[in-house]
Each structure stands twice: as structure tokens, then as C-alpha cells.
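Chemist: kindly return the folded structure for what I paste below:
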Amino acid sequence: MLILLPTPADARCPDSPRGRTPAGPRLRTRRVACAGCLLFVLSLLPAVGCGGKSLPPMNPVTGKVTLKDGQPLRSGQITFHPVDPPKDTKVGPSTGQINDSGEYALRTEGQAGAPSGKYKVTLSMPMVPQAGAKEMPKAPFDMRYQRIDTTPLQVDVPAGPFDFKLNPAK
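Modeler: Sure thing, here's the model as predicted:
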């Protein structure tokens, strides 16, 4: 990195092209100082890391979501919210996309699975209408499954797989 600062008019060298000062001791000192600053900043990067936290061991979590009549929930998202997360780790919820067969597999912060522990489970429908649909999709299940404070679904990971039968929408 090279930073050129303007110099006073009397410091210009008439013999150099366009009257600029040749690379003298002041310019070399600035280059060394800038290089030193850059090296210092780069040396801090390993200490900062990429997030600075490590995830606890993951357990594979899969299952199927169906309605009471046995029909699979054909789209949406399932989220496992930790009930009492360990104080030494700050892991967010684990989520999974529900496919056409009603099946899902959870991921936590980019890794497959979920940490051990108790979870409240919520479900949500896609926010984007299917191709050709004229309106937003409506949840075919009871709305209480969509909120963490009203969902009756609770699980304990690593036991599983976790299959859920949902009450229909009211």
C-alpha cells in the first residue's frame, strides 16, 4: 500500500518529471509505517476468527410432519427452539425444510443436526405462493403450532426420529 501525501512547493525537485519529489527517506518511512499497520491488522484476524464460537456436538434429527388425516404437510419449515440452552454456548434454533413427502432434516448454523437438549417445535408455511397460485398459502394446521409460546410440541434431542401429527386448521 502506498500513500502519497502532498508536499510543500519548496520541496519539489525541478529535475524530476513533473516536479515531483523523488522517493526519499520520508516516503520510505511512510511506506514502512503503512506496511507495519497492515501487518498488525492482519495479525489480529486469527484472534477474531469467523464467529469466535464452536458448536456443541450435533445429533442427526429427521422426521415427518403429517396432518391428523395422514396426509403429509407438503411444504414449510420446522424449527426446534432450545428451551434451556447451555450458558457457555450461544446456539440458535435448528431448522429444516419440509419436502413434498412431509419429511425434514434439521440443520444448525450450517451443520446437519441439532445439539442435545429440550426443544419447543414450531412450524411455518412458505411465505411465497406456489407457481400459478393467486394468493398466499394458508396453513392447513392449527395456528398454535406457529408460535413458540403456544405450540404444544416439545421434544428431547437426541431421541428420535421426530414425527408430528398436526390438528387441522380451525
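Chemist: okay, and for this structure, where does confidence drop off?
Modeler: For the chain, residues meeting the criterion pLDDT under 70 lie at 1-53, 130.
Chemist: where along it do the helices fall?
Modeler: 25-48 (DSSP state H).
Chemist: domain parsing for it?
Modeler: The chain is divided into the following domains under automatic domain parsing: 9-48, 62-166.
Chemist: present the ones you listed as CSV; the columns should include mean neighbour count and distance to residue 54.
Modeler: In short, each C-beta sits where N, CA and C put it, glycine included. Formatted as CSV, the domains of the chain follow (neighbours: other CB atoms under 10 Å; distance: least, CB to CB, whole Å):
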stretch, mean neighbour count, distance to residue 54
domain 9-48, 10, 14
domain 62-166, 15, 8
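Chemist: strand partners of the longest strand along the chain, parallel vs antiparallel please.
Modeler: When the chain is scanned for its longest strand (criterion: DSSP state E), the result is strand 117-124. If you go by DSSP bridges, strand 117-124 pairs up with strand 77-82 (antiparallel), strand 154-157 (antiparallel).
Chemist: neighbouring contacts of stretch 60-79?
Modeler: 80, 93-106, 112-114, 121-126, 130, 137, 139-141, 157, 160-168 (CB atoms under 8 Å, 6 or more residues apart in numbering).
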